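Novice: Please work out how this folds:
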Amino acid sequence: MALVLMCGQPCSGKSTAAACLIKALDQQHGTPVILIDEPSLNLDRNHSYQDMPREKNLRGLLRSAVDRAVSKDSIVIVDSLNNIKGYRYELWCLARAAGILYCLLHCDVGELKCREWNQTRQQQGLPSYNDNIFDDLVRRFERPDGRNRWDSQLFEINPSIEEIHEGSQAIVKAVAFLSGDRTLMGLRNSQVLQPTIATQNVRTSETNSLYELDKATQEVVSSLVEAQAQGVGGVIRSVPIGEGLPVISSFVLSVLWSFHPSKH
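Specialist: Coordinates of the predicted model:
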């Protein structure tokens, strides 16, 4: 149905906004919501962002979880930094391949306020970022831009100015977008991403296709031998073939029949 990315600096209120969005969606129409974040994958944030290889592994795990979860029957919310625009593009591609809605909820909070909240969480013993990791993540943050297709539809909220709750303007607009409500002033029509040929899953052949083809060929050969032994010409009896093999078997039949003695 939809993929929603939370985006923002560390300790900018993303998890709180995600919780409010889930509650608002549940009150609206009870659509199943799947939340994907570091804790749900048993990952520690300080450990995962300690160096680039571990951060790359973290993004890979999150992307795999999203790939498994996206569908037309549920809303998937990714509560993580999503701070790299190239990574947001990868997740946008997953939404496009699934043919679902896509939007971004940006917690637009300044660095100083995020740092203050992170220090408060450290003092209270709550999950927080180490100072060196916090500084590195803030420096590498790539702000979303609604003009980019992988950052659109973009909803922005500033928890440092307004309290986050189900009635927050950004939350209300996001819910309206996800539910297909076109009456909200200033909100564009909901657009489902359309998969392209490049993103379509190729239909694989059955594992026993070679066996079925050989079986059908043997049936054709046996019928021709039987007709030759009886010295009759014309149309031979119909030969049942395996499912998915009519084109191939018909071609084999035409080739073999061309060599039948009654044709010469």
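Novice: three-state assignment of the residue nearest to I84 when sequence neighbours are not counted?
Specialist: Nearest residue to I84, sequence neighbours excluded (CB to CB, 6 or more residues apart in numbering): E142, at 5.9 Å. To be clear about C-beta, it is placed using only N, CA and C from the backbone, and glycine gets the same treatment. Applying DSSP: H, G, I helix; E, B strand; the rest coil to E142 yields a three-state assignment of coil.
Novice: Could I get the contacting residues of E142?
Specialist: 83-85 (CB atoms under 8 Å, 6 or more residues apart in numbering).
Novice: switch to 10 Å and redo it
Specialist: 7, 82-88, 151 (CB atoms under 10 Å, 6 or more residues apart in numbering).
Novice: Just the ones of the residues you listed in helices?
Specialist: Counting by DSSP state H, those place 85-88 in helices.
Novice: so where do the helices sit in the chain?
Specialist: Under DSSP H, the chain gives helices at 14-28, 45-48, 52-69, 85-98, 111-123, 131-139, 169-179, 209-230, 246-257.
Novice: What residues sit buried inside the fifth one?
Specialist: Yep, that's helix 111-123 we're talking about. The neighbour-count check on helix 111-123 (16 or more other CB atoms under 10 Å) flags 113-115, 117-118, 122 as buried.
Novice: So which other helices or strands are in contact with that helix?
Specialist: Applying 3 or more CB pairs under 10 Å, 6 or more residues apart in numbering; DSSP states H and E, one finds that helix 111-123 contacts helix 131-139.
Novice: Mind exporting the C-alpha coordinates of the helix it packs on to CSV?
Specialist: Extracted C-alpha coordinates of helix 131-139, given in CSV (Å, rounded to 0.1, in the frame of the first residue of the first chain):
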residue,chain,number,x,y,z
ASP,A,131,29.2,12.5,21.0
ASN,A,132,31.7,11.5,18.3
ILE,A,133,29.1,9.5,16.4
PHE,A,134,26.5,12.3,16.8
ASP,A,135,29.0,14.8,15.3
ASP,A,136,29.8,12.5,12.4
LEU,A,137,26.1,11.9,11.6
VAL,A,138,25.2,15.5,11.8
ARG,A,139,28.0,16.4,9.4
